[in-house]
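Asker: Pasting the sequence and the predicted coordinates here, then a few questions.
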Protein chains: 2
Amino acid sequence: MVSGPSGAGKDTVIESLRSYEPDLEYCVSVTTRPPRPYERDGIHYHFTTRDNFEKMAAAGEFIETREYAGNLYGTPRRTVEEALARGRDLILKPEVNGARAIKARYPGAVLVFLTPPSTAELERRLARRQADSPEAIEERLRIAREELAALADFDYRVVNDTLAGAVSDLRAILTAERLKVARLAGRMGLRHDTGNPV
Amino acid sequence: MVSGPSGAGKDTVIESLRSYEPDLEYCVSVTTRPPRPYERDGIHYHFTTRDNFEKMAAAGEFIETREYAGNLYGTPRRTVEEALARGRDLILKPEVNGARAIKARYPGAVLVFLTPPSTAELERRLARRQADSPEAIEERLRIAREELAALADFDYRVVNDTLAGAVSDLRAILTAERLKVARLAGRMGLRHDTGNPV
C-alpha cells in the first residue's frame, strides 16, 4: 500500500512504479468524489454515486471504506481477493486510515508512507492543483498534517523528492519484501498463500 | 550481516556490494584459521594464533566468538562500536551461529542468509576450492546443511544465482531497511542512535 498526505504525489509515483514492475497489479478504488479533469473512470478510480456506494458497502463489496473530505472511498474486495488467489502482488493507494484498516485485516501487507519533501512543498503542490477551492485546499492541508502524525503505524517512509528517487525506493522495498524469510515460509503471506496485498 | 553456508559466495558478493556502496563499512573478523592463498591479513581476516585469540576474548575484545570446523572466529568489538558511534552502517560476515549471537545483542541488526542456487551447486563450489582436503569439504558440507536449517532465524534470503543479481538484492535490502519508519524513529537503532550493525 502506498499512502500518505494528499499532494504527496501518490498517483504519479504509482504510475511510474507500474511501468517498471509490470507484474504488479493495481487495485482501483471506488469513490463518490467527482473526477478531476485528467482522471478516467476505471483507471484512476471507479467513480460512482453515494447511493450506489452505500449499496455496495451494505453488500460487503469493500474490504475497507472511509470518508475523506466529504467523499466516500472504498477498496473493492473482489479485485484484491482475485489478484491474491492468482499469487500476484497488488498495489493499493488507500488514504491513511484506510491503510490502517487494511493492515489490520492483512497483517502481511506492507505500508509505505509517501511524503513530500516538506510542508512548504506540500502547500505548493496543493495550491497548484487548480481543481480545488481555497477552502478545500485548507481542509486537505489540515488532514495532511494529521496524516503525518500517523507515520508511526507505517512500515516505510519514502520522501518524494524526485520521481526517479521515490520510484527507486519503492522498487527496493518491493524487492526486499519478496526476499523476506518470513514470506518464503508463508508466515506473513504476501504471495502464493494466505492472500495479503502489498 | 551476510551469513550462510560455506561456499555460498559471501566474500565475492560482499566485495562487489562494497564497490557499489562506499558508505558501507566492513568489519574484518579475527580468525585462527590459516589464510587461503588469495587472502590478505587485515583485508579478508585478521589472522592470529589461538593463544592470542584467547587472550583477546578474555579481555572482552569480541562481541561474539565461535568455533567453526576447528578454528576460532571473532567479531572485534571496537570496529563495530566505532563505526556505529560515527553513525555508519557496517557489514559483517559472521558464521550462522555468530550471526544469531550478534542479533541477540543488537536487535536492529539485519540478517541476510546468502545461499547458492542448490546443494549440488554448493558441492561443486566447495570442491573447486582447492585449498581444502576432501575431509574438510565433507565436514563443511555437513555444517552447510545444518546452516540451511537455520534459515528461519534470518530476516532475508538472497540466492546467489548470479553475482549481479545477489548484489542487486542486497542493495535493495539496504535501501529498504534505511527507509523503515521504525529506524527513522530510532526504535530499532540501525543508524545514528543505539548502535546496531547492519
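Answerer: That came in fine, so what should we check first?
Asker: Burial check on the residue lying closest to residue A:166 once chain neighbours are set aside, number of neighbours?
Answerer: Nearest residue to residue A:166, sequence neighbours excluded (CB to CB, 6 or more residues apart in numbering or on different chains): residue A:160, at 4.4 Å. Quick note: C-beta positions are derived from backbone N, CA and C, even for glycine. Counted with other CB atoms under 10 Å in any protein chain shown, residues neighbouring residue A:160 total 24.
Asker: just the one 4 residues further on next, same as before
Answerer: Residue A:164 has 9 neighbours, counted by other CB under 10 Å.
Asker: Same check on residue A:47?
Answerer: 16.
Asker: What lies in contact with the strand or helix carrying residue A:72?
Answerer: Per DSSP states H and E: residue A:72 is located in strand A:71-76. For strand A:71-76, contacts defined as CB atoms under 8 Å, 6 or more residues apart in numbering or on different chains pick out A:27-33, A:46, A:50, A:53-54, A:56-57, A:61-67, A:92, A:94-95, A:98, A:102.
Asker: Tell me how far the residue nearest to residue A:166 lies from chain B.
Answerer: In this view, residue A:160 and chain B are 12 Å apart by CB to the nearest CB, to the nearest Å.
Asker: next one: residue A:70
Answerer: Between residue A:70 and chain B the computed distance is 29 Å (CB to the nearest CB).
Asker: How many residues are close by that residue?
Answerer: 9.
Asker: Same question for residue A:27.
Answerer: Counted with other CB under 10 Å, residue A:27 comes out at 20.
Asker: That one contacts residue A:84, correct?
Answerer: No. At 10.4 Å, residue A:27 does not count as touching residue A:84 under the criterion of CB atoms under 8 Å.
Asker: coming back round to it: distance from the chain centre to the strand holding residue A:72, please.
Answerer: 11 Å (CA atoms, centre = their mean, to the nearest Å).
Asker: Buried ones in that strand, by neighbour count?
Answerer: A:72-76 (16 or more other CB atoms under 10 Å in any protein chain shown).
Asker: Stretch A:9-16 now?
Answerer: Per 16+ other CB under 10 Å, stretch A:9-16 contains these buried residues: A:9-10, A:13-14, A:16.
Asker: Spit out the contact partners of residue A:181.
Answerer: With the criterion set at CB under 8 Å, 6+ apart, residue A:181 makes contact with B:113, B:151-152, B:154-157.
Asker: Could I get the pLDDT score of it?
Answerer: For residue A:181, the model assigns a pLDDT of 90.
Asker: now swap in the one 3 residues further on and tell me
Answerer: On the pLDDT scale, residue A:184 is placed at 73.
Asker: If we go by neighbour counts, what in the lowest-mean-pLDDT helix or strand in chain A is buried?
Answerer: Counting by mean pLDDT, DSSP states H and E, chain A has its least confident helix or strand at helix A:119-128, which shows a mean of 71. In terms of neighbour count (16+ other CB under 10 Å), helix A:119-128 has its buried residues at A:121-123, A:125-126.
Asker: As a markdown table, those with distance to residue A:144 would be great.
Answerer: As requested, these are exported to a markdown table (distance: CB to CB, whole Å):
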| residue | distance to residue A:144 |
| --- | --- |
| A:121 | 11 |
| A:122 | 6 |
| A:123 | 9 |
| A:125 | 10 |
| A:126 | 8 |
